[in-house]
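everything below, folded, please.
(chains A and B, ligands or ions: 1)
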Amino acid sequence: MKVLAFDTATAATVAAFGELERRDDPPAGTRPAHAQKLLSLIHGVLDESNAGWGDVDRIAVGVGPGTFTGLRIGIATAQALAQATAIELVGVSTLASLELAARTALADQRQILAVIDARRNEAFVSGAGLNPCVLTPEGLGDVAGQRASDGIVAVGDGAVKFRALLEQAGATVPQDGSPLHRVSAIYHCRLALDAQPITTGVVAPEYLRQPDAELARKL
Amino acid sequence: MILAIETSCDDTCAALITPSGEIAANIISSQTVHSRFGGVVPEIASRHHLTLLPAVLDDALATAGVTLDDVTLVAATRGPGLVAALLVGFCAAKSLAAARELPFAPVDHLHGHLAASFLAPSSFEPPFLALIASGGHTLLADVNDAGPQLHVIGQTLDDAAGEAFDKGARLLGLGYPGGAALEALAATGDPDAFAFPTAARMGGLDFSFAGLKTALLYKVRELGEAEATRLRADLAASYQRAIVEALTIRVRRALKQTRATKLAVGGGVAANGPLREALGALGVELDVPPRLLCTDNAAMIASAARYSPVLQFPDYLELDVYATGERTLVA
Ligand SMILES: [Zn+2]
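I've put the predicted structure just below:
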């Protein structure tokens, strides 16, 4: 089965067709360019594979967690492409993809914690037996500390951001430039093979947080 | 068929029109969730657009009795509007077009409001003066052709006219959005009961509604709660009259300045009865599209696409939306 996958949950815009990936990593301090880059990257990986829509068996999109607007750009694109081509559509956890990439790269049994920068001094976290959630730095330190005795590796842009406290809690964080910290759509393609196709045409983003207005109303 | 998507604010819209401007489907899914926040919340609007859009598109195709195979051009609102909301519809439209290698037309939302007047069967031909008044915009444009270049000759310096309606309605305890409720209440009141400002002494063609809103606030406080409630219909009628006059005064000036003999009105405020009446009495040929084409909709975006530059696949893949800046306005 050939999968076309893409992700816009983090600053990077990534697209892959099977094992071929093309990406846009905006330089630190610049805004992500998902709306501009995503469709050209998608067409790029298909063109380079000499493939057309007829060669795609499944479209997989990263559902996050990540930036709200980023998630919607990816999902709006996926929903529309699937609607226009009648190709099967699946959603894939961005955190699970980070985790799978690290699991594949590390040749040992250490646990893996996938950590995405959630801004506002918080992190989206999953792995090592933890379901996707939002954690404060304190909570993140606790989670890492509780698992440190078995050996734990933290990956993702959030792991880089919270390196000091993760290392203090006993976790290993690969060096800043390591590819393990970057979301790779190649692993979305692999996860998509086992995912359940969406029949409603609507992909649910994993926001994990309510809109500010909703929170303010409840106070 | 031209397929268009509009998601610049809180309505999720898709429409299909024929190449000659006949509406085949015009689907509008209005989000009612915002009323409890007293205004449109961009993040909530964007979340709803994402979940509603696939069904709204299907509905448009089914209503028109066509499939995507019949679509020859895809269009979408590029701006101005709420960026997060715009992105949902714009990215979906680009993707639909790209998957089928169709041409794509990015459309300016204000050009869309004008283009509502170009839809069949009652196509209104330029040159004309246009008044666009809604909750998001209030402007006067000198329209010489159907293209996207908008020659704006007057605009609001603070609130939009629709915003003034909604804020007045809230002060009178009518909830949000309250423009229609205010109009209904005003129908039972005396428009001469209170003298609210129309900024008539402010020369030129620009609008200002902030002073009017403040005047209503002070009047309500001065009357006290019981009295203000008792005189609510009179307050609503006088307040509405001030908005209508503020708009009409500037339309009259603009007609004189441009020597236009025709007037087109668009935007949600165009649905207001007393405003239609006042503009109808100006002695020029008047076009007010049906209500569903005055408020935000995608048929007007499809209509504007007929007069907009069209990009061929793959030249549009990297296009982005804009909040305000890049629109093709000639100020
Ligand atoms: Zn509008």
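
is the longest helix along chain A anywhere near chain B?
Of all segments of type helix in chain A, defined using DSSP state H, the longest is helix A:68-85. Yes: Helix A:68-85 is in contact with chain B by Cβ under 8 Å from any Cβ of the partner chain, via A:68-69, A:72-73, A:75-77, A:79-81, A:83-85. Backbone N, C-alpha and C define where each C-beta goes, glycine included.

what's the first helix or strand after that helix?
Downstream of helix A:68-85, the next assigned helix or strand under DSSP states H and E is strand A:88-92.

now do that next one: which elements does it pack against?
If you count contacts as 3 or more Cβ pairs under 8 Å, 6 or more residues apart in numbering or on different chains; DSSP states H and E, strand A:88-92 packs onto strand A:58-62, helix A:68-85, helix A:185-192.

then that strand to PDB, C-alphas only?
Included here for strand A:88-92 are C-alpha records, laid out as PDB according to Å, rounded to 0.1, in the frame of the first residue of the first chain:
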ATOM      1  CA  GLU A  88      -8.900   6.800   1.700                       C
ATOM      2  CA  LEU A  89      -8.100   9.200   4.500                       C
ATOM      3  CA  VAL A  90      -6.500   8.600   7.900                       C
ATOM      4  CA  GLY A  91      -5.300  10.700  10.800                       C
ATOM      5  CA  VAL A  92      -2.100   9.900  12.500                       C
END
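
buried sites along stretch B:203-216?
Of the residues in stretch B:203-216, those buried under the neighbour-count criterion (16 or more other Cβ atoms under 10 Å in any protein chain shown) are B:205, B:206, B:207, B:208, B:209, B:211, B:212, B:213, B:215, B:216.

can you tell me which of those residues end up in helices?
Cross-referencing the buried residues of stretch B:203-216 with the helices (criterion: DSSP H) gives B:211, B:212, B:213, B:215, B:216 as the overlap.

what's the closest of these to residue B:277?
Each of those was scored against residue B:277 by Cβ to Cβ, and residue B:212 proved nearest at 19.6 Å.

distance to residue B:111 and pLDDT added to the buried residues of stretch B:203-216, as TSV?
Conversion of these to TSV gives the following (distance: Cβ to Cβ, whole Å; pLDDT from 0 to 100):
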residue	distance to residue B:111	pLDDT
B:205	19	96
B:206	21	96
B:207	20	96
B:208	25	95
B:209	24	95
B:211	30	93
B:212	29	94
B:213	29	93
B:215	34	96
B:216	33	96
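
wait, which of these is closest to the ion?
residue B:207 (15.8 Å; Cβ to the ion).

spit out the contact partners of the nearest residue to the closest one once chain neighbours are set aside.
Computed as Cβ to Cβ, 6 or more residues apart in numbering or on different chains, the closest residue to residue B:207 that is not its neighbour in sequence is residue B:156, at 4.2 Å. When contacts are counted by Cβ atoms under 8 Å, 6 or more residues apart in numbering or on different chains, residue B:156 is found next to B:137, B:138, B:139, B:206, B:207, B:208, B:209.

surely residue B:270 touches residue B:130?
No: shown here, residue B:270 and residue B:130 do not form a contact pair, counting by Cβ atoms under 8 Å, at 10.5 Å.

and the two most separated of the contacts of residue B:156?
Spatially, the most separated pair among those is B:137 and B:208, at 14.4 Å (Cβ to Cβ).

burial of residue A:197, as a residue count?
A total of 13 residues lie near residue A:197 under the criterion other Cβ atoms under 10 Å in any protein chain shown.

closest to residue A:10 out of the helices and strands packed on strand A:88-92?
Between residue A:10 and the helices and strands packed on strand A:88-92, the shortest separation by Cβ to Cβ is 7.2 Å, and it involves helix A:68-85.

tell me how chain A divides into domains.
A:3-94+A:183-218, A:106-180 (automatic domain parsing).

as a markdown table, those with mean pLDDT would be great.
What follows is the domains of chain A, written out as a markdown table (pLDDT from 0 to 100):
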| stretch | mean pLDDT |
| --- | --- |
| domain A:3-94+A:183-218 | 96 |
| domain A:106-180 | 96 |
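
list the helices and strands the helix or strand hosting residue B:85 packs on?
Secondary structure assignment for residue B:85, by DSSP H and E: helix B:83-99. In this structure, helix B:83-99 makes packing contacts with helix A:34-48, helix A:68-85, strand B:2-6, helix B:42-64, strand B:73-79, strand B:104-108, judged by 3+ Cβ pairs under 8 Å, 6+ apart.

turn these into CSV, columns for mean neighbour count and distance to the ion.
Converted to CSV, those look like this (neighbours: other Cβ atoms under 10 Å in any protein chain shown; distance: least, Cβ to the ion, whole Å):
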stretch, mean neighbour count, distance to the ion
helix A:34-48, 21, 21
helix A:68-85, 25, 21
strand B:2-6, 29, 9
helix B:42-64, 21, 13
strand B:73-79, 27, 9
strand B:104-108, 25, 11
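
in TSV: those, plus distance to residue B:123.
As requested, those are arranged in TSV below (distance: least, Cβ to Cβ, whole Å):
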stretch	distance to residue B:123
helix A:34-48	34
helix A:68-85	31
strand B:2-6	15
helix B:42-64	20
strand B:73-79	18
strand B:104-108	18
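
what residues does chain A put near chain B?
Residues of chain A that fall close to chain B, judged by Cβ under 8 Å from any Cβ: A:35-40, A:43, A:53, A:68-69, A:72-73, A:75-77, A:79-81, A:83-85, A:200-202, A:205, A:207, A:211-214, A:217.

one more pass at 7 Å, please.
Listed as neighbours of chain B in chain A under the rule Cβ under 7 Å from any Cβ of the partner chain: A:35-36, A:39-40, A:43, A:53, A:68-69, A:72-73, A:75-77, A:79-81, A:83-85, A:201-202, A:211-213, A:217.

report pLDDT for the residue of the stretch 51-200 of chain B found nearest the ion.
Closest approach between the stretch 51-200 of chain B and the ion, counting by Cβ to the ion: residue B:134, at 4.7 Å. In this model, residue B:134 is scored at 93, pLDDT.
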